[in-house]
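Chemist: need a structure here:
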Amino acid sequence: MTARAASVRPAAVRSVPVTALATVAVIAVIGVLLTRRGFNLGAYWFIGVGFGLILQRSRLCFAGGFRDLIMSGDGRILRAILAGMAVATLGFALLMARFVPDPSFGQLPPGAHIQTAGLATLAGGLIFGVGMVLAGGCVSGTLWRMGEGYLNSWAAMAGVLVGLWAGAKTWTWWYDNDISKRTPTWLPAEIGMGPAILLVLALLGVLYAAILWWEMRSPRMPEPAAKRPAPALSLGDYLKHGWQRVFTGRGWSYLTGAVALAILGTFAYGLQAPLGVTGGLGLWGDKLAGLAGLGALPLKGADLLAGCTPGNGATWLTIRTSTMTGLVIGAFLASVLSGEFRLRWSRQWSRYPQVVAGGLLMGYASVLAVGCTVGAFFSSIPSLALSGWLFGLALFGGAFIGVKIVRRLP
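Modeler: I've put the predicted structure just below:
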């Protein structure tokens with residue numbers, strides 16, 4: 001978040017145990033109801049809850065990773081994300097090797113986020129990068145901050161929904177002039193599974209080292225050491241200290257959050273598809289637009305594409321909608337348990353047009369790239385897809401532009 005966004009008026013949740021227990025009960029009831037509609041609907045609901053808990057406790061935000069490196073030379077978040085993608089790459093590779101034993105036949109692994117790589121991908125990454133800096137968070141970051149009580153994030157999400165709808169309305173042009181003319185590039189099909197895994201891990205390692213080198217050129221003040229808890233002398237003390245490590249204090253490290261997210265993403269992929277949220281948001285945005293006769297689904301040719309797509313619009317419930325809603329309530333539960341839930345709103349009203357505009361750009365870009373920083377980046381690179389790298393490169397350029405814009409805003 002920027003300095004302006006930190007100017008807020010908090011209102012704390014009272015009766016934390018009652019609120020937490022009620023939230024857990026709601027999570028369980030919704031999970032059971034969704035499972036009755038389809039096992040994967042319920043499973044991805046719980047995956048979404050875990051998603052939100054991980055992001056809230058680790059404060060992991062892709063927008064922050066790119067922005068902090070560009071703005072202040074702080075690469076801790078982005079280095080953690082790269083490490084998480086390395087873990088996810090190994091997990092995804094085990095699954096993809098089972099799904100497609102011989103990549104040379106040209107068959108793509110089902111469910112993997114292997115999108116086409118072209119002008120739409122570059123444009124999507126560039127626009128998304130600008131938008132996430134203006135909004136103060138990426139789409140997943142916006143969702144978990146919604147659960148934590150940031151009203152700015154609710155405003156940004158309104159922009160995201162409008163942007164997704166606008167992207168769907170212009171999708172046919174992008175599909176006819178760029179996307180349909182390209183085929184997805186899966187690295188194992190080009191150079192073999194083993195070399196592809198080694199190449200991706202090597203590139204992630206080089207980027208990690210490059211960011212570390214860049215950080216050393218911009219030294220930061222050392223963080224104060226965390227206060228050590230008293231030694232556990234009983235079972236009760238041991239359980240209390242464990243609770244404090246998970247739900248109180250300074251939270252999890254960025255690395256812990258990124259690795260946990262990689263493990264969760266691998267589990268999700270083993271079940272059906274990697275993590276992604278914009279497909280569900282795009283579906284619900286279109287459903288709301290459809291109430292006014294302005295719906296745009298289904299998107300032309302989207303059923304032939306891998307990634308975080310909104311589907312055909314026939315139902316409100318998909319694994320993507322389960323994930324995104326679970327993410328919000330998971331972040332809410334984590335913030336209540338840690339005592340960090342507050343209703344926060346900016347005292348500078350000029351912030352709201354900025355975050356709405358940022359959300360709109362992210363939503364539009366998510367349609368072009370068939371995903372956001374989760375679906376088209378964090379889930380795409382471990383899928384060994386070229387598109388993830390192209391999107392990430394453009395994302396960095398967009399974040400650079402976004403930082404330049406933010407610095408000029410009043």
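Chemist: Give me the next element, helix or strand, following the helix or strand of the chain with the lowest mean pLDDT.
Modeler: Among the helical and strand segments of the chain, the one scoring lowest on mean pLDDT, DSSP states H and E is helix 235-247, with a mean of 61. Note on helix 235-247: by DSSP states H and E, the next helix or strand toward the C-terminus is helix 254-271.
Chemist: Might you calculate how far that following helix sits from the centre of the chain?
Modeler: Put simply, helix 254-271 sits 12 Å off its chain's centre (C-alpha atoms, centre = their mean, to the nearest Å).
Chemist: pLDDT of that helix, averaged?
Modeler: Helix 254-271 carries an average pLDDT of 96.
Chemist: now do stretch 392-410
Modeler: 94.
Chemist: can you dump the C-alpha coordinates of that stretch into CSV?
Modeler: The C-alpha coordinates for stretch 392-410 follow below in CSV (Å, rounded to 0.1, in the frame of the first residue of the first chain):
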residue,chain,number,x,y,z
GLY,A,392,5.9,-11.4,-16.3
LEU,A,393,8.2,-9.4,-18.4
ALA,A,394,5.4,-7.1,-19.5
LEU,A,395,4.1,-7.0,-15.9
PHE,A,396,7.4,-5.5,-14.8
GLY,A,397,7.3,-2.9,-17.5
GLY,A,398,3.8,-2.0,-16.5
ALA,A,399,4.7,-1.8,-12.8
PHE,A,400,7.6,0.6,-13.7
ILE,A,401,5.2,2.9,-15.6
GLY,A,402,2.7,2.6,-12.7
VAL,A,403,5.3,3.7,-10.1
LYS,A,404,6.1,6.7,-12.3
ILE,A,405,2.5,7.7,-12.5
VAL,A,406,1.9,7.3,-8.7
ARG,A,407,4.8,9.4,-7.9
ARG,A,408,3.3,12.3,-9.9
LEU,A,409,-0.1,12.0,-8.4
PRO,A,410,-1.1,14.6,-5.7
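Chemist: can you pull the contacts of residue 384?
Modeler: 89, 92, 93, 96, 112, 114, 186, 187, 188, 196, 197, 200 (C-beta atoms under 8 Å, 6 or more residues apart in numbering). For every residue, glycine as well, the C-beta is placed using N, CA and C.
Chemist: And these, which two are furthest apart?
Modeler: 114 and 197 (14.7 Å; C-beta to C-beta).
Chemist: When these two are compared, which one has more neighbours?
Modeler: Applying other C-beta atoms under 10 Å to residue 114 and residue 197 shows that residue 114 carries more neighbours, namely 25 against 21.
Chemist: Secondary structure class of residue 299, three-state.
Modeler: Judged by DSSP: H, G, I helix; E, B strand; the rest coil, the three-state class of residue 299 is coil.
Chemist: Tally up the residues packed near it, please.
Modeler: Residue 299: 23 neighbours (other C-beta under 10 Å).
Chemist: circling back: can you tell me which of the contacts of residue 384 are buried?
Modeler: 89, 92, 93, 96, 112, 114, 186, 187, 188, 196, 197, 200 (16 or more other C-beta atoms under 10 Å).
Chemist: Report the contact partners of the last one.
Modeler: The reference is to residue 200. Residues in contact with residue 200, defined by C-beta under 8 Å, 6+ apart, are 89, 187, 381, 382, 384.
Chemist: Residue 267: which of these is nearest?
Modeler: residue 382 (12.9 Å).
Chemist: Where does the closest residue to that closest one other than its chain neighbours sit, in terms of helix or strand?
Modeler: Spatial nearest neighbour of residue 382, excluding adjacent residues (C-beta to C-beta, 6 or more residues apart in numbering): residue 88 at 3.8 Å. Element membership for residue 88, per DSSP H and E: helix 76-99.
Chemist: Fine by me, thanks again.
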